[in-house]
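**Q** quick one, structure for this:
(2 chains)
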Amino acid sequence: MIVGDLKPVKEIEASIRGRSRVLILGCRGCVTVCNTGGEKEVAVLASQLRIASRARREHREILDATIERQCDFEYIEPILLQIEDVDVVVSLACGAGVQQVAEAAAGLQRPVQVVPGINTTFLGAALEQGVWAERCQGCGDCVLEITGGICPIARCSKSLLNGPCGGSSDGKCEIDPEVDCGWQLIYDRLSALGKLENMSRVLPIRNWSTSRDGGPRKRVVEELRT
Amino acid sequence: MKIDSNAIEPYEPKVVAFCCNYCAYTAADLAGSLRLEYAPNVRVVYILCSGRIDAVFLLKAFEDGADAVYVAGCNIGDCHFLEGNLSAIRTVAHTKHLLAEVGLEPERLEFFQIAASEGPLFAQRADEMTERARRLGPNPLRKSMKQPAGGKLARELDAHPPLPEAKLGQLIRHAERVEELRI
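**A** This is a model prediction of the structure:
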């Protein structure tokens, strides 16, 4: 899922300064699962902003709503009337959601600005209740079948394809003794799977154009298009 | 009667107490049975377990003009639902941060452990929290409110119309009827 962190309230307040009607918009997708931008977080942020503005005796109306997914126009459409009615929207979705709502809101008769309420951080998995860790960088050319299901791009600090490097010591990475060495994890996994021969396989120089280096990516499935 | 909204009223704190059914709420009952006197500023909100508490409830109480809020749950290890009180402690700690972020004093919020048998402790905590609210001064949100939510103080009951006087005659007649039936 896409993981994010809520921005500090001060930063959100700065981005809505001077606007009297604000809509806090949550998303029931990934950010609900990682407890950053779901219904509950929307209610908490709305309450905080109300307290902050009323303590300063500023007149500001804070509305809140949460939709199924902000990255789909079909879910944004039903709340466009509500968006048109406010001065600014604080979106608690990932960057993709914010941009999708921003595009829809900019196309309104009275265009409305959309500002982000969270910092989108990574594609990750839940390790336990309240802990998420990065697991994928969306590089566009998966090698997990060779590395025993542990991603060298996301989990090695240097994204080495033929690791480990000299900075690996006692299974930890040189950047931080708390960080596991990705290649140590791969070695341990491959040895548990009885596939250690994969370690001696040299992965060739990679074509990073499938990743961000190739510019913004797009996926088109012709048979699904209408 | 015309109410002058500009008149300066003396500050009387409003304190909201979220009390767990299995301990603090029972302790509040006990405090009542023991005829203990405690600050009338405390409004008790009944919850089944302190674990039910949520940052949204606590913030809402402050939004509605509460000067102090506390959650009272069971002693550690005594929770009827095993871990509800532990979860409440975490929620309260987190909400203190949320309050500090928007400029309200985190001391306005607290978690207390009050066992069902501790009626006197319930009264003590109620007084303590009211005293703290008095020391911290009114919730800054009150100024922007026309009428602080949460109703009037219990001590203003005197202002309500008096209860109709008991009619002695009726009672006697009722007693006579019971006697008749018995015969």
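
**Q** so what's the residue positioned nearest the centre of chain B scoring on pLDDT?
**A** Geometric centre of chain B, nearest residue: B:R43, 2.1 Å, by CA atoms, centre = their mean. You'll see B:R43 listed with a pLDDT of 94.

**Q** also A:T226?
**A** pLDDT recorded at A:T226 is 83.

**Q** from A:R69, how far out is it?
**A** Separation of A:T226 from A:R69 (CB to CB, to the nearest Å): 19 Å. Quick note: C-beta positions are derived from backbone N, CA and C, even for glycine.

**Q** and these two? Which one has more around it.
**A** Under the criterion of other CB atoms under 10 Å in any protein chain shown, the comparison of A:T226 against A:R69 puts A:R69 first, with 18 against 2.

**Q** any idea how far that one lies from A:L25?
**A** Between A:R69 and A:L25 the computed distance is 12 Å (CB to CB).

**Q** over to A:Q100?
**A** Distance of A:Q100 to A:L25, given as CB to CB: 11 Å.

**Q** ok, those two, which is more surrounded?
**A** A:L25 (29 against 22).

**Q** which SS class is that one?
**A** On the three-state scheme (DSSP: H, G, I helix; E, B strand; the rest coil), A:L25 is labelled strand.

**Q** these two touch, right, it and A:V42?
**A** Yes - between A:L25 and A:V42 there is a contact under CB atoms under 8 Å: 7.4 Å.

**Q** now the common contact residues for the two.
**A** When contacts are counted by CB atoms under 8 Å, 6 or more residues apart in numbering or on different chains, A:L25 and A:V42 have A:64-66, A:92 as shared neighbours.

**Q** list the residues that contact both of A:Q100 and A:L25?
**A** A:Q70.

**Q** tell me the first helix or strand C-terminal of the biggest helix by length in chain A.
**A** Taking DSSP state H as the criterion, chain A has its longest helix at helix A:39-55. Remark: after helix A:39-55, the chain's next helix or strand is strand A:61-67, criterion DSSP states H and E.

**Q** quick one, that next one and helix A:39-55 angle?
**A** Angle between the axes of strand A:61-67 and helix A:39-55 is 170 degrees (criterion: axes from the mean of the first three to the mean of the last three CA atoms, to 10 degrees).

**Q** could you tell me how far the next helix or strand after strand A:61-67 lies from the centre of the chain?
**A** Toward the C-terminus, strand A:61-67 is succeeded by helix A:73-76 as the next helix or strand (DSSP H and E). Here helix A:73-76 shows a centroid-to-chain-centroid distance of 19 Å under the convention CA atoms, centre = their mean, to the nearest Å.

**Q** helix A:73-76 - contacts with which helices or strands?
**A** helix A:95-106 (3 or more CB pairs under 8 Å, 6 or more residues apart in numbering or on different chains; DSSP states H and E).

**Q** give me the contact list for the helix it packs on.
**A** Helix A:95-106 is contacted from outside by A:2, A:25, A:27, A:29, A:31, A:69-73, A:76-77, A:80, A:83, A:89, A:91, A:93, A:111-116, A:120, using CB under 8 Å, 6+ apart.

**Q** CA atoms only: put it into CSV for me.
**A** What follows is helix A:95-106, C-alpha atoms only, in CSV (Å, rounded to 0.1, in the frame of the first residue of the first chain):
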residue,chain,number,x,y,z
GLY,A,95,0.2,12.5,-3.9
ALA,A,96,-1.8,10.7,-6.7
GLY,A,97,-5.1,11.4,-4.9
VAL,A,98,-4.2,15.0,-4.3
GLN,A,99,-3.4,15.6,-7.9
GLN,A,100,-6.5,13.9,-9.2
VAL,A,101,-8.8,15.9,-6.9
ALA,A,102,-6.8,19.1,-7.8
GLU,A,103,-7.4,18.4,-11.5
ALA,A,104,-11.1,17.9,-10.9
ALA,A,105,-11.4,21.0,-8.7
ALA,A,106,-9.4,23.2,-11.1
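
**Q** that helix: which residues count as buried?
**A** Judged by neighbour count (16 or more other CB atoms under 10 Å in any protein chain shown), helix A:95-106 contains these buried residues: A:96-102, A:104-105.

**Q** buried ones from the contacts of helix A:95-106, can you make that a ChimeraX selection?
**A** Here is the ChimeraX selection string for the buried members of the contacts of helix A:95-106, based on 16+ other CB under 10 Å:
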select /A:2,25,27,29,31,69,70,71,76,80,83,89,91,93,112,114,115,116,120
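
**Q** tell me how far A:A125 lies from chain B.
**A** Note on A:A125: its distance to chain B, by CB to the nearest CB, to the nearest Å, is 23 Å.

**Q** which positions in chain B make contact with chain A?
**A** Within reach of chain A by CB under 8 Å from any CB of the partner chain, chain B has these residues: B:54-56, B:59-60, B:62-63, B:98-99, B:101-104, B:140-141, B:143-144.

**Q** ok, stretch A:35-44 near chain B or not?
**A** Yes - contact of stretch A:35-44 with chain B (CB under 8 Å from any CB) involves A:40, A:43-44.

**Q** ranges for the helices of chain A?
**A** A:9-15, A:30-33, A:39-55, A:73-76, A:80-84, A:95-106, A:152-155, A:182-193.

**Q** how distant is the longest one from the center of its chain?
**A** Here helix A:39-55 shows a centroid-to-chain-centroid distance of 22 Å under the convention CA atoms, centre = their mean.

**Q** for that helix, the averaged confidence score.
**A** For helix A:39-55, mean pLDDT is 94.
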